[in-house]
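Enquirer: sequence first, then the predicted structure, then my questions.
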Amino acid sequence: MFELSDEVIKWQLKYGRHDLPWQISRTPYTVWISEIMLQQTQVGTAADYFTRFIAAFPDVASLASASEDQVLTLWSGLGYYSRARNLLRAAQLVVGIHDGIIPSTFEALMSLPGIGRSTAGAILALAFQKKYPILDGNVKRVLARVFCVEGPANSSAANRTLWSLAEKLLPDTDVDTYTQGLMDLGATVCTRRNPTCVTCPLMQTCQARLNNLVDVYPIPSQKKIIKNKLIYMIIFVCKGRVLIIKNSGVGLWPGLWGFIDSDTVSEALLDDLSKKFALTIESVSHLESFRHRLTHIDYSVRPIKVNVSDLYVAKDRVGRKWIDIDDKNQLPISVPVRRILNSLR
């Protein structure tokens, strides 16, 4: 089995990716940040966010001292915001418990928020050159095809088989190059659709290719049922300023700033809100509706613009602010909120 790792290493050195921003100065910190960003995110998107994030927080100490709003602001638009909150909590633990040094043991890494088995393995292999496997989506796909692993890719049985293979295939040396090579193969050659098998270093041993089953493996998991949901976003506007509310720690986009949202909208609801915030409504209009897809829900977003006249509203309270539209980059906001703010310009 170690011949496979040799082929991956040789391919990586010659054809793999070597110019990603987190490869320029590979440290435990940059590996950690990049691995978290790459979860559920395309490389091109993650690269831009990574560059801005590292510029703001160049090391674990600067990240640990940041506020949640600062971290979420830089994360705005990347989605899966629990990743950012876990990064902040983990950085604070690294500073508080590990003297600001990212741990180099599997157990210590696994104790940090947001770090699972594959992320811990990536940090250990890429940053510390330790012999630990990873199993991200790209690696799963490569191994599932090379060995025709049975069962849906996300099933417990398939995962046990894949983890066992990932561990057995580890080379004794050049673990970092091998690990990067597996990820690059999955990202650039052994892609989900239209893989370029003729350029793959494993084409002679890949069971899926040899048996004309590349389109079969990995066996897809059962598709999640996507729910459709209607959501109204109520935008109070006064003298060019917009009211935004900080979402609570539960529900949709927790911890981000946004508009008041509701499953329904009525004159009574707007009256109640105007009384709650001591506002006087001048006019109400409907902005252009749009759709926003999350992993499990397809939202139909219907923005309602409510013009108010009170000068009193310029005062901020805890959990709510009146901002200029151009200040939207100074706070963590979701993609739909950013889209609506852009439409108001």
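Expert: On my side now, so go ahead.

Enquirer: contact partners for residue 68?
Expert: 85, 88, 255 (CB atoms under 8 Å, 6 or more residues apart in numbering). All C-beta spots, glycine's among them, are computed from the backbone N, C-alpha and C.

Enquirer: TSV for the residues you listed, including neighbour count?
Expert: Shown next, in TSV, are the contacts of residue 68 (neighbours: other CB atoms under 10 Å):
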residue	neighbour count
85	18
88	22
255	18
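
Enquirer: now stretch 80-94, how far from the centre of its chain.
Expert: What separates the centre of stretch 80-94 from the centre of its chain is 12 Å, taken as CA atoms, centre = their mean, to the nearest Å.

Enquirer: which residues sit against that stretch?
Expert: For stretch 80-94, the external contacting residues (CB under 8 Å, 6+ apart) are 33, 36-37, 39-41, 60, 63-64, 66, 68, 71-72, 74-75, 78, 100-103, 111-115, 253-256, 332.

Enquirer: would you mind listing which of these are buried?
Expert: 33, 36-37, 41, 60, 63-64, 66, 71-72, 74-75, 78, 102-103, 112, 114-115, 253, 255-256, 332 (16 or more other CB atoms under 10 Å).

Enquirer: how much space between residue 7 and residue 167?
Expert: 18 Å (CB to CB, to the nearest Å).

Enquirer: and if you look at residue 17?
Expert: Distance, residue 17 to residue 167, by CB to CB: 24 Å.

Enquirer: please, which helix or strand holds residue 236?
Expert: strand 227-238 (DSSP states H and E).

Enquirer: by contact count, what packs against that strand?
Expert: strand 241-246, strand 260-262, helix 267-276, strand 297-308, helix 335-343 (3 or more CB pairs under 8 Å, 6 or more residues apart in numbering; DSSP states H and E).

Enquirer: export the ones you listed as a markdown table, with columns for mean neighbour count, distance to residue 175 and mean pLDDT.
Expert: Below are the helices and strands packed on strand 227-238 laid out as a markdown table (neighbours: other CB atoms under 10 Å; distance: least, CB to CB, whole Å; pLDDT from 0 to 100):
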| stretch | mean neighbour count | distance to residue 175 | mean pLDDT |
| --- | --- | --- | --- |
| strand 241-246 | 20 | 44 | 92 |
| strand 260-262 | 19 | 47 | 91 |
| helix 267-276 | 12 | 57 | 89 |
| strand 297-308 | 17 | 40 | 94 |
| helix 335-343 | 18 | 37 | 93 |
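
Enquirer: and residue 321, that's in a helix?
Expert: No - using DSSP: H, G, I helix; E, B strand; the rest coil, the assignment for residue 321 is strand, not a helix.

Enquirer: give the bridge partners for it, please.
Expert: On the basis of DSSP bridges, residue 321 is bridged to residue 244.

Enquirer: my guess is it meets residue 258, correct?
Expert: No - with contacts counted by CB atoms under 8 Å, residue 321 stays clear of residue 258, the gap being 11.2 Å.

Enquirer: neighbour count: those two, which is higher?
Expert: residue 258 (22 against 17; other CB atoms under 10 Å).

Enquirer: distance of the more buried one from residue 132?
Expert: In this view, residue 258 and residue 132 are 40 Å apart by CB to CB.

Enquirer: show me where the stretch 1-150 of the chain has helices.
Expert: Remark: helices assigned in the stretch 1-150 of the chain by DSSP state H, counting those that start in this stretch are 2-15, 21-24, 28-37, 43-56, 60-64, 68-75, 82-97, 106-110, 117-122, 128, 137-146.

Enquirer: quick one: which of the ones you listed is nearest residue 305?
Expert: For residue 305, the closest of the helices of the stretch 1-150 of the chain is helix 68-75, at 24.4 Å, according to CB to CB.

Enquirer: and the closest one with helix 82-97, angle?
Expert: 130 degrees (axes from the mean of the first three to the mean of the last three CA atoms, to 10 degrees).

Enquirer: what's the angle from helix 68-75 to helix 43-56?
Expert: 140 degrees.

Enquirer: follow-up on the earlier one: let's have the helices of the stretch 1-150 of the chain in CSV, adding mean pLDDT.
Expert: Output for the helices of the stretch 1-150 of the chain, formatted as CSV (pLDDT from 0 to 100):
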stretch, mean pLDDT
helix 2-15, 92
helix 21-24, 93
helix 28-37, 97
helix 43-56, 95
helix 60-64, 98
helix 68-75, 94
helix 82-97, 97
helix 106-110, 98
helix 117-122, 98
helix 128, 98
helix 137-146, 97
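
Enquirer: which of those sits closest to residue 163?
Expert: Taking CB to CB, helix 117-122 is the member of the helices of the stretch 1-150 of the chain nearest to residue 163, at 7.9 Å.

Enquirer: other SSEs contacting that closest one?
Expert: Using 3+ CB pairs under 8 Å, 6+ apart: helix 117-122 touches helix 28-37, helix 106-110.
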